[in-house]
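*Asks:* here's my sequence, what's the structure:
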Amino acid sequence: MSLLSVIMGIPVIVMSIILHEVAHGWAAYINGDPTAKQAGRLTLNPIPHIDLQGTIIIPGVLLALRYITGLPFWVIGWAKPVPINPAYFGNWRNGMAMTGAAGPLTNIIIAVFLSFLYKSLSLCCNLTDQASFIFHFGQAIIFAGLINIFLAVFNLIPIPPLDGSRIVVAFLRPNQIRKYLSLERFGLGLVIAFLFLGGFRILFPIVTFLFSIIFGISLS
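*Replies:* A predicted model of the protein is given here:
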């Protein structure tokens with residue numbers, strides 16, 4: 001995939017990350033938690049959601065390294081997490097599960113929308129001419145769709161504070177929840193260890209399988 005296609009896809013990816021966080025906030029809000037709304041985070045304005053490291057520095061450095069080195073590693077990033085206070089939830093377990101699932105589900109919905117856009121584009125335009133703008137636009141759609149699917153699958157990893165952990169706690173007994181959530185202080189290290197100790201080999205087949213179903217395109 002060309003650098004131009006990747007650059008064209010970045011605005012969609014940034015908006016997708018923002019929508020992911022807004023979805024968490026809305027799910028919490030409809031379950032009785034006004035924290036995200038009061039913090040001004042239920043907005044599509046990107047500024048309140050930007051995390052300097054996660055949204056700009058780390059993705060930018062990884063993207064640059066990918067194209068400088070040619071190594072096929074994933075470019076990851078994140079927005080500033082939306083504040084959630086589960087104490088407001090009328091049904092704590094349902095609130096946690098819905099809040100956790102809202103972000104990944106939003107990314108899947110975005111990927112489905114992008115697949116419809118790509119398929120519609122393919123009906124009216126020639127997407128095989130690699131010298132054309134429309135080819136790069138089509139590749140940007142594919143790239144953004146792939147990243148959205150990756151974000152959904154990645155965030156469902158059941159390691160606190162990733163979204164999958166919020167879903168898991170909805171099914172744990174009270175005496176198990178505190179021990180499980182205590183892992184959050186080691187969360188970043190555990191996620192990095194998981195990815196570099198073979199996590200990508202687990203995630204990649206899932207991502208490519210979902211991509212083939214949603215877009216009807218094989219990445220192999």
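
*Asks:* tell me the contacts of the spatially most central residue of the chain?
*Replies:* Central residue of the chain (C-alpha atoms, centre = their mean): Leu151, 2.7 Å from the mean position. Contact analysis of Leu151 by C-beta atoms under 8 Å, 6 or more residues apart in numbering lists Ser16, Ile17, His20, Pro104, Asn107. Backbone N, C-alpha and C define where each C-beta goes, glycine included.

*Asks:* taking these one by one, which sit in helices?
*Replies:* Among the contacts of Leu151, the members found in helices (DSSP state H) are Ser16, Ile17, His20, Pro104, Asn107.

*Asks:* from the residues you listed, which has minimum pLDDT?
*Replies:* Within those, Ile17 has the lowest pLDDT, namely 90.

*Asks:* grab the nearest non-local neighbour of it.
*Replies:* Ala79 (4.7 Å; C-beta to C-beta, 6 or more residues apart in numbering).

*Asks:* that older thread, now neighbour count and distance to Phe143 too, for the contacts of Leu151, in a markdown table please.
*Replies:* As requested, the contacts of Leu151 are arranged in a markdown table below (neighbours: other C-beta atoms under 10 Å; distance: C-beta to C-beta, whole Å):
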| residue | neighbour count | distance to Phe143 |
| --- | --- | --- |
| Ser16 | 23 | 11 |
| Ile17 | 26 | 14 |
| His20 | 25 | 17 |
| Pro104 | 24 | 19 |
| Asn107 | 25 | 14 |
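
*Asks:* could you single out the nearest of the residues you listed to Phe89?
*Replies:* The closest of those to Phe89 turns out to be Pro104 (C-beta to C-beta; 19.1 Å).

*Asks:* CA atoms only for the helix or strand of the chain with the lowest mean pLDDT, dumped as PDB, please.
*Replies:* Each helix and strand of the chain was given a mean pLDDT (mean pLDDT, DSSP states H and E); the minimum falls on helix 58-69 at a mean of 77. Output of helix 58-69 as PDB, limited to C-alpha atoms (Å, rounded to 0.1, in the frame of the first residue of the first chain):
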ATOM      1  CA  ILE A  58       3.600   7.200  18.700                       C
ATOM      2  CA  PRO A  59       1.500   6.600  15.500                       C
ATOM      3  CA  GLY A  60       3.700   9.200  13.700                       C
ATOM      4  CA  VAL A  61       7.000   7.600  14.700                       C
ATOM      5  CA  LEU A  62       5.700   4.100  14.000                       C
ATOM      6  CA  LEU A  63       4.400   5.100  10.600                       C
ATOM      7  CA  ALA A  64       7.700   6.800   9.700                       C
ATOM      8  CA  LEU A  65       9.600   3.700  10.900                       C
ATOM      9  CA  ARG A  66       7.400   1.400   8.900                       C
ATOM     10  CA  TYR A  67       8.200   3.200   5.600                       C
ATOM     11  CA  ILE A  68      11.900   3.800   6.500                       C
ATOM     12  CA  THR A  69      12.600   0.200   7.400                       C
END
